[in-house]
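Engineer: sequence plus predicted model, see below.
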Amino acid sequence: MRNKKRYYRKFNLDVPRETVEKIVAEYAGDPEKYSHSPLAGPYTPPDTDELVGKTLAFRGEEKNYDFRFTALNEVWFKEEGEEEKRCFCNVKTLDHEVYFVNFLVPGYATSRQITLIPDMKSGCATVVDAKVGTEYSNIDVDRDFYFGRLEGDFAGGELHGFTTELLGKSIIWEYSPKIIKIKHIYNCDIYYTYQNLTAMGTWMATNPADYVKIRDGLYLFSFVEERQVGIQAIFLIDLARMHDIGCFYGCSGDHLTSACLGAIGEFADPNTIA
């Protein structure tokens, strides 16, 4: 499902598709090149092996995916009608029930990223299927959200879905004591605003965003830097812990990134600077 309500307003930061393909060809086969983020500090949880040995069969309204976890950073990914593919993956969790699974799928000229959020208690899950390139831009990330259930014996519950429960809130996120804090203002159901205090002054920007409810107090928040270099960010936000797990994904024109990170947060006034 894709939200079509946004007006496209891109700055001219695009690059030719051939440039994207060249960068992807250089980076996508080597996790050491694309899977490390300078924002990944002490609040980024380590990868967990808690899903190793499990196969998660996601059954959604529009898509069926299978995820077979065979090692700490290895998943075999299969979609209906396609061959199974071996992928380098990151698997992280804050509560040992809901997981953040992220990986690139090999074989795509401009790259493809899958993010799976499985709730191993309810059996409900979300898949974000993203790729670099849209009808407007070669470097903007395009993505679809799919909501479904995992096959097996689970408690059950309401499917994940888009929400407005974060709207009106604001959180200052800290990735590391050595990194500038970023303030997120969740001010619209299809946009958000962020604020960055720098030595040169305050930078603010508004970008397209999506909000998904996973559980009470647990949300998936994602945006695309439309007026910048088109990168997607996706965060699993735990409001009880004021902690998130996330990933930045995209091709800025000189490198490909699909890198996980984490941050701690504190609520802030959405109507003020910092």
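Structural biologist: Okay, I see it.

Engineer: please make it C-alpha for all contacts and neighbour counts, starting now.
Structural biologist: Will do.

Engineer: helices along this protein, start to end?
Structural biologist: Along the chain, the segments classed as helices by DSSP state H run 17-27, 31-34.

Engineer: as TSV, those with mean pLDDT, distance to residue 234 and mean neighbour count would be great.
Structural biologist: Output for these, formatted as TSV (pLDDT from 0 to 100; distance: least, CA to CA, whole Å; neighbours: other CA atoms under 10 Å):
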stretch	mean pLDDT	distance to residue 234	mean neighbour count
helix 17-27	96	20	18
helix 31-34	98	16	16
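
Engineer: among those helices, which is nearest residue 252?
Structural biologist: Residue 252 lies closest to helix 17-27 among these, at 8.5 Å (CA to CA).

Engineer: could you point out the longest strand of the protein?
Structural biologist: Of all the segments of type strand in the chain, defined by DSSP state E, the longest one is strand 201-215.

Engineer: where are the low-confidence patches of this protein?
Structural biologist: Within the chain, the stretches with pLDDT under 70 are 1-12.

Engineer: tell me which residue lies nearest the centroid of it.
Structural biologist: Nearest to the mean C-alpha position of the chain, counting by CA atoms, centre = their mean, stands residue 234 at 2.6 Å.

Engineer: isn't that one right up against residue 220?
Structural biologist: Yes. Counting by CA atoms under 8 Å, residue 234 touches residue 220, with 7.1 Å between them.

Engineer: returning to what we had before: so which elements touch the longest strand of the chain?
Structural biologist: Other helices and strands packing on strand 201-215, by 3 or more CA pairs under 8 Å, 6 or more residues apart in numbering; DSSP states H and E, are strand 161-162, strand 191-198, strand 218-224.

Engineer: on that earlier part again, okay, and the beta partners of the residue nearest to the centre of the chain?
Structural biologist: On the basis of DSSP bridges, residue 234 takes part in beta bridges with residue 222, residue 247.

Engineer: pull up the gap between it and residue 160, please.
Structural biologist: 16 Å (CA to CA, to the nearest Å).

Engineer: ok, the residue nearest to the centre of the chain to residue 83 distance?
Structural biologist: From residue 234 to residue 83 the distance is 27 Å (CA to CA).

Engineer: could you do residue 213 as well?
Structural biologist: Residue 213 is 31 Å from residue 83, by CA to CA.

Engineer: which residue sits farthest out from the middle of this structure?
Structural biologist: Within the chain, the residue lying farthest from the chain centre (CA atoms, centre = their mean) is residue 200, at 29.3 Å.

Engineer: now that one: phi and psi?
Structural biologist: phi -90, psi 0 (degrees, to the nearest 10).

Engineer: touching, residue 252 and residue 139? I think so.
Structural biologist: Yes. Proximity of residue 252 to residue 139 meets the contact threshold set by CA under 8 Å, at 6.7 Å.
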